[in-house]
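**Student:** the following block contains a protein sequence and its predicted model.
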Amino acid sequence: MTERATSELLSWFQAQNGHLDTSKVGIVDLPGHGRGAIALEDIPEDYTLFTIPRDLTLSMRTSTLPSLMGNAWKEYGLHEGWAGLILCMMWEEARGLESKWSGYLAALPDKFDTPMFWGEDDLNELRGTAVVDKVGRDEAERDYHEKLVPALKSRTDLFPPDRISYFSLDRYHLMGSRILSRSFHVEQWKGEPEDEDEGHEESHDAANINAMDVDQQDAGDEVSGPTQTEESDGPEEPHMEVEDSDEDDEDREDPADVAMVPMADMLNARYESENAKLFYEQNELKMVSTKPIRAGEQIWNTYGDPPNSDLLRRYGHVDLVPLSSPLSGVGNPGDVVEVRADLVVSSVSKKVKYGLQERVDWWLEEADDDVFVLHTDCELPEELVSFVRLLLLPKDEWEKTAKKSKLPKPKVDKEVLAVSSNVLENRLKEYPTTAEEDESLLAPGSVERLSINKKHAVIVRLGEKRILRGTLEAVRTKLKAASGTTKKRGREEEKSGRGKKAKT
């Protein structure tokens, strides 16, 4: 972003009654971070850096397009998902200077390094990671053709042919990426009546967290899809009715609550580096420092410290900071690995001679977990342990468990460790490379030859593999110890004669 573009954005912001303390806050280009905010002077804690009028947020509530379309807005399904907000942003951009958000929209990025815009070769580098099934390009294009195109054709007065280029599929993807990377939630202010026909009238809104962190203030007071496994020689492989595991905020939220918040989205974020937070009051939003910030330091908001898989998918970058034990080196302490339940079922089905479908169905009904999440502590998730124990229960114990509708306790024993080891080994095989190969790719002398997309892909998948490798090592250590204890107990029983009696 050029100095002129920055100056124009600030002029627009101030003309729309936004306030930025330009004596203490500067918007600049930062190497490796793009645009961001820095402290021009020492900033004390609890200092208001800038304020944004709530009617300056851009959403389906504040844009006039939904009301102009009337009942057709819902008839075309524009009130569901992000299609409506995307269309509002496209329409406001097409209006040019007639739109109150013209200066803001002109300053938004027009290029992203997110997987949404990657080619097939680059996407293949992400095989095995949590990113692949969450990009959502096919779903987005289906919404474009099924919702937007019919709406565009129905109202040529609002979407004239001479401006149709503003409503192309490419622009649709661009606007969607702007929302994914920069939006906040915008809710009804506490005490305000709900809109009867939400999304068709302008209203004053309160912001809550999406891309950045937001806290409410009361009257000015501070307030704190899985692959199908192959069949084995045993019983028929149970079918996991696995729904889309990407139940991120953008899938669950009320679309009318999603809003673009000018100036607040200028702040970058980094793992555990937050020194500012967005608060809201009845008529405005306020970015406030949460700790002292020295002159020259970057002003950081927070994304909530997500894993690199989410950072790459949403924002097109990754975090690299020192890792704590049991891991080492640099990476993202917030990284996670998703292990599908069908991998567990596949492993157990090779060990037992009874069918598992009834137990799988019961688990999905009672626990509703078809994906287990491993973290950088390299511990087996209690839910995964409980699921393995359920599948391994003898028939009589399974029947008692089902009758009581009580999940098995997450007690780790030799059988659980053996299954977990097999599951982790199979999960590692889903990546196109080994951890050692990825470490070699990121080594000095090699990493410089990687494209930015491939570099990010390798960092994401290596972060996941380190968790899997660390967890697998811990499981194998415990399994070896458990096996040693069993052998020792067996020898003692044989010496005392108890072992022989047990066999008879």
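**Tutor:** Now that the structure is in, tell me what you want to look at. Residues are numbered from 1 along each chain as shown.

**Student:** touching, residue 179 and residue 88? I think so.
**Tutor:** No. Residue 179 is beyond contact range of residue 88, at 10.3 Å (criterion: Cβ atoms under 8 Å). Bear in mind the C-beta positions are built from the backbone N, C-alpha and C, glycine included.

**Student:** helix or strand right after the helix or strand that contains residue 286?
**Tutor:** Using DSSP states H and E, residue 286 sits within strand 284-289. Next helix or strand after strand 284-289 toward the C-terminus (DSSP H and E): strand 298-301.

**Student:** return the distance of that next one from the chain's centre.
**Tutor:** Strand 298-301 has its C-alpha centroid displaced from the chain centroid by 20 Å (Cα atoms, centre = their mean, to the nearest Å).

**Student:** for the closest residue to residue 155 other than its chain neighbours, give me its contacts.
**Tutor:** Nearest residue to residue 155, sequence neighbours excluded (Cβ to Cβ, 6 or more residues apart in numbering): residue 69, at 6.6 Å. Applying Cβ atoms under 8 Å, 6 or more residues apart in numbering to residue 69 gives the contacts 78, 151, 155, 158.

**Student:** again, but for residue 146
**Tutor:** Shown in contact with residue 146 (Cβ under 8 Å, 6+ apart): residue 77.

**Student:** and it, how close does it get to residue 80?
**Tutor:** To residue 80, residue 146 is 11 Å away according to Cβ to Cβ, to the nearest Å.

**Student:** next: residue 118.
**Tutor:** For residue 118, the distance to residue 80 - Cβ to Cβ - is 27 Å.

**Student:** more neighbours: those two, which one.
**Tutor:** Between residue 118 and residue 80, counting by other Cβ atoms under 10 Å, residue 118 is the more crowded of the two (22 against 13).

**Student:** shouldn't the more buried one be in contact with residue 454?
**Tutor:** No. Judged on Cβ under 8 Å, residue 118 makes no contact with residue 454 at a distance of 9.8 Å.

**Student:** how deep is residue 481 tucked in, by neighbour count?
**Tutor:** Residue 481 has 12 nearby residues by other Cβ under 10 Å.

**Student:** and what of residue 176?
**Tutor:** Residue 176 has 24 neighbouring residues, counting by other Cβ under 10 Å.

**Student:** tell me the SS of it?
**Tutor:** helix (DSSP: H, G, I helix; E, B strand; the rest coil).

**Student:** likewise residue 38?
**Tutor:** Quick answer, by three-state DSSP: residue 38 is strand.

**Student:** give me the number of residues near it?
**Tutor:** For residue 38, using other Cβ under 10 Å, the count is 16.

**Student:** lowest mean pLDDT among the helices and strands of this protein, which one is it?
**Tutor:** Among the helices and strands of the chain, strand 205-208 carries the lowest confidence by mean pLDDT, DSSP states H and E, at a mean of 34.

**Student:** with neighbour numbers in mind, choose between residue 179 and residue 88.
**Tutor:** Remark: of residue 179 and residue 88, residue 88 carries more neighbours, 24 against 20, as counted by other Cβ under 10 Å.

**Student:** so which strand or helix has the more buried one?
**Tutor:** Assigned by DSSP H and E, residue 88 falls in helix 83-94.

**Student:** how about stretch 81-89 as PDB, C-alpha atoms only?
**Tutor:** The C-alpha coordinates for stretch 81-89 follow below in PDB (Å, rounded to 0.1, in the frame of the first residue of the first chain):
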ATOM      1  CA  GLY A  81     -24.400 -17.900   4.300                       C
ATOM      2  CA  TRP A  82     -22.100 -15.200   3.000                       C
ATOM      3  CA  ALA A  83     -23.600 -14.700  -0.500                       C
ATOM      4  CA  GLY A  84     -25.700 -11.800   0.700                       C
ATOM      5  CA  LEU A  85     -22.800  -9.900   2.300                       C
ATOM      6  CA  ILE A  86     -20.600 -10.600  -0.700                       C
ATOM      7  CA  LEU A  87     -23.300  -9.200  -3.000                       C
ATOM      8  CA  CYS A  88     -23.600  -6.100  -0.800                       C
ATOM      9  CA  MET A  89     -19.800  -5.500  -1.100                       C
END
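
**Student:** show me which residues of stretch 322-342 are buried.
**Tutor:** 323, 327, 331-342 (16 or more other Cβ atoms under 10 Å).

**Student:** nope, stretch 429-449 is what I meant
**Tutor:** For stretch 429-449, by 16+ other Cβ under 10 Å, it's 430-431, 433, 435, 438-439, 441-442.

**Student:** narrow these to those in helices?
**Tutor:** 435, 438-439, 441 (DSSP state H).

**Student:** widest-spaced pair of those residues?
**Tutor:** Spatial extent of these (Cβ to Cβ) is set by the pair 435 and 441 at 10.7 Å.

**Student:** what's the closest of the buried residues of stretch 322-342 to residue 446?
**Tutor:** Proximity of those to residue 446 was ranked by Cβ to Cβ; the top entry is residue 331 with 17.4 Å.

**Student:** wait, the closest one touches residue 465, no?
**Tutor:** No. Between residue 331 and residue 465 no contact is recorded; they are 10.5 Å apart, counting by Cβ under 8 Å.

**Student:** which residues are in contact with both of those two?
**Tutor:** Common neighbours of residue 331 and residue 465, counting by Cβ under 8 Å, 6+ apart, are absent.

**Student:** rounded mean pLDDT for stretch 306-322, please.
**Tutor:** Throughout stretch 306-322, pLDDT has a mean value of 93.

**Student:** just the CA coordinates for it, please, in PDB.
**Tutor:** These are the backbone C-alpha positions of stretch 306-322, laid out as PDB (Å, rounded to 0.1, in the frame of the first residue of the first chain):
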ATOM      1  CA  PRO A 306      -5.500 -20.600  15.700                       C
ATOM      2  CA  PRO A 307      -3.400 -23.300  14.200                       C
ATOM      3  CA  ASN A 308      -1.300 -22.700  11.000                       C
ATOM      4  CA  SER A 309      -3.800 -24.700   9.000                       C
ATOM      5  CA  ASP A 310      -6.500 -22.100   9.800                       C
ATOM      6  CA  LEU A 311      -4.100 -19.100   9.500                       C
ATOM      7  CA  LEU A 312      -3.200 -20.200   6.000                       C
ATOM      8  CA  ARG A 313      -6.700 -20.900   4.900                       C
ATOM      9  CA  ARG A 314      -8.100 -17.600   6.200                       C
ATOM     10  CA  TYR A 315      -5.300 -15.200   6.000                       C
ATOM     11  CA  GLY A 316      -2.600 -16.700   3.700                       C
ATOM     12  CA  HIS A 317       0.200 -16.700   6.300                       C
ATOM     13  CA  VAL A 318       1.600 -18.900   9.100                       C
ATOM     14  CA  ASP A 319       3.100 -18.200  12.500                       C
ATOM     15  CA  LEU A 320       6.500 -19.400  13.500                       C
ATOM     16  CA  VAL A 321       7.600 -19.000  17.200                       C
ATOM     17  CA  PRO A 322       9.600 -21.200  19.600                       C
END
